[in-house]
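K.L.:
Model the following, please.
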Amino acid sequence: MSERSKRSFLPFLMMIVGLVLILGAVATILVLRGGQTQTTAETQAGEETLSDIPRVTLDEAKAAFDSGEAVIVDVRGAEYYAVSHIPTARSIPLNELEFRMGELNPKDWIILYCT
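P.N.:
Alright, predicted model coming up:
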């Protein structure tokens, strides 16, 4: 192959390499979105999304705490709970919450906090 034909082949080769990289990126995005689609399907099957969970104001939480209407759960790690927490708040770190839900009465008003 002559020097001139090598030079004219180089842009073509670079375009092919670029195309392969782009296709790889698109495939990665599609795979990642496939996981999100599954999550969306799961939430449609009955799981709540973050926007579905009711929020309470600080005043509402304090009133519920003062009247004993709510169970307050601190979802921070144990080291943060040890430093400071709302009196009578239960410590159930967020990463354990799913497995420890049985410790809470579903009929109670449960208020979670993390700060």
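K.L.:
Can you tell me how far Leu10 is from Gly24?
P.N.:
Plainly put, Leu10 is 21 Å away from Gly24 if you go by Cβ to Cβ, to the nearest Å. All C-beta spots, glycine's among them, are computed from the backbone N, C-alpha and C.
K.L.:
now Ala89
P.N.:
48 Å.
K.L.:
try Leu13
P.N.:
17 Å.
K.L.:
Repeat that for Glu69.
P.N.:
55 Å.
K.L.:
Ala89 and Gly24: which is more packed in?
P.N.:
Ala89 (18 against 10; other Cβ atoms under 10 Å).
K.L.:
In terms of pLDDT, where does the more buried one sit?
P.N.:
pLDDT, Ala89: 91.
K.L.:
quick one, domains of this protein?
P.N.:
1-47, 54-113 (automatic domain parsing).
K.L.:
Okay then, goodbye and thanks.
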